[in-house]
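Undergrad: the following comprises the amino acid sequence and a computationally predicted model.
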Amino acid sequence: MEEFSGEEGSFNSEEASNSVKECIQSIIGEESYRQDTVNQWTAKIVEQALTLLVKQTKSYKYIVSCAVMQKSGAGLHTANSCYWDTVTDGSCTVKWENRTMYCVVSVFAVALTP
Amino acid sequence: MDEFQLSEETVETTIGSSAYQQNRINQWTSSVVETSLNQLSKLGKPFKYIVTCIILQKNGAGLHTASSCFWDNTMDRSCTVRWENKTTYCIVCVFGLAV
């Protein structure tokens, strides 16, 4: 994944990654996987992450997707591919885990044409 | 939706009736997203596309996914394809953003 930091009008994936990590930590940091609340967690994570990104006031459309999986030995693989403007658009993926679950959050930023 | 059918067919032709195999799973996820993206770009519509794919082994683990989007509600769309066989779940999301 390429870093587009330090350029005007390009996506700063490091900054987005840090925001998302804080977001995940604050919502499920101390929690154990619970089937009855995991829906609320994924919804909160994507909403909060999106709110934080939009506050950065850059002219982007954003897509945030989150997957939370219980740790039980199952294999999980994810992949993304994007058909966009490679100069202005960017993405970042954050992988997080605690004792009972994995969380993978992907952020895609697509530049708004003025 | 064209995109929905394309994604379903892509998953079927890539994974089909294969059983989950850890040493091949990377190839499958990459192949699904690349093939889907190629087919979508051939549609020739004025959209940027993002395709994500999750492949999960069936062993009773719980998996939950969510996505939120900050975009143009009138022009942009997404669709999700859920596919399974005896040993594997596959979830493909396609996001289309108008240029």
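TA: Yep, it's here.
Undergrad: so who does B:Val81 touch?
TA: B:4, B:7-8, B:11, B:90-94 (C-beta atoms under 8 Å, 6 or more residues apart in numbering or on different chains). The C-beta positions use only the backbone N, C-alpha and C, and glycine is treated the same way.
Undergrad: mind telling me what element it is part of?
TA: In this assignment (DSSP states H and E), B:Val81 forms part of strand B:77-84.
Undergrad: just the C-alphas of that strand, formatted as CSV.
TA: Taking Å, rounded to 0.1, in the frame of the first residue of the first chain, the C-alpha atoms of strand B:77-84 are listed here in CSV:
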residue,chain,number,x,y,z
ARG,B,77,-24.2,3.0,-4.8
SER,B,78,-23.0,-0.2,-3.3
CYS,B,79,-24.0,-3.8,-3.5
THR,B,80,-23.0,-6.8,-1.5
VAL,B,81,-22.8,-10.4,-2.7
ARG,B,82,-22.9,-13.3,-0.1
TRP,B,83,-21.9,-16.7,-1.4
GLU,B,84,-21.2,-20.0,0.3
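Undergrad: what strands line up against it, and which way round?
TA: Applying DSSP bridges, strand B:77-84 is found paired with strand B:88-98 (antiparallel).
Undergrad: low-scoring stretches of chain A, by residue?
TA: A:1-9, A:57 (pLDDT under 70).
Undergrad: where exactly do the strands run in it?
TA: A:60-70, A:76-83, A:90-97, A:101-111 (DSSP state E).
Undergrad: what do you get for chain B?
TA: B:47-57, B:63-70, B:77-84, B:88-98.
Undergrad: looking at the ones you listed, which is nearest to A:Leu52?
TA: A:Leu52 lies closest to strand B:63-70 among the strands of chain B, at 11.1 Å (C-beta to C-beta).
Undergrad: list the beta-bridge partners for the residue nearest to B:Thr29 when sequence neighbours are not counted.
TA: Spatial nearest neighbour of B:Thr29, excluding adjacent residues (C-beta to C-beta, 6 or more residues apart in numbering or on different chains): A:Ala79 at 3.7 Å. As for beta bridges, A:Ala79 partners with B:Cys53 under DSSP bridges.
Undergrad: can you count the residues close to A:Glu30?
TA: A:Glu30 has 8 neighbouring residues, counting by other C-beta atoms under 10 Å in any protein chain shown.
Undergrad: how close does it sit to B:Phe47?
TA: The gap separating A:Glu30 from B:Phe47 is 41 Å, by C-beta to C-beta, to the nearest Å.
Undergrad: filter the contacts of B:Val81 down to the buried ones.
TA: B:7-8, B:11, B:90-94 (16 or more other C-beta atoms under 10 Å in any protein chain shown).
Undergrad: my read is that the residue nearest to B:Thr29 contacts B:Leu37, right?
TA: No - using C-beta atoms under 8 Å, A:Ala79 makes no contact with B:Leu37, being 10.6 Å away.
Undergrad: mind listing what the nearest residue to A:Thr113 once chain neighbours are set aside touches?
TA: Using C-beta to C-beta, 6+ apart and skipping residues adjacent in sequence, the residue nearest A:Thr113 is B:Val99, 6.8 Å away. Residues near B:Val99 by C-beta under 8 Å, 6+ apart: A:113, B:46-48.
Undergrad: which one in chain B is furthest away from the centre?
TA: In chain B, the residue that sits farthest from the middle, by C-alpha atoms, centre = their mean, is B:Thr74; the gap is 22.6 Å.
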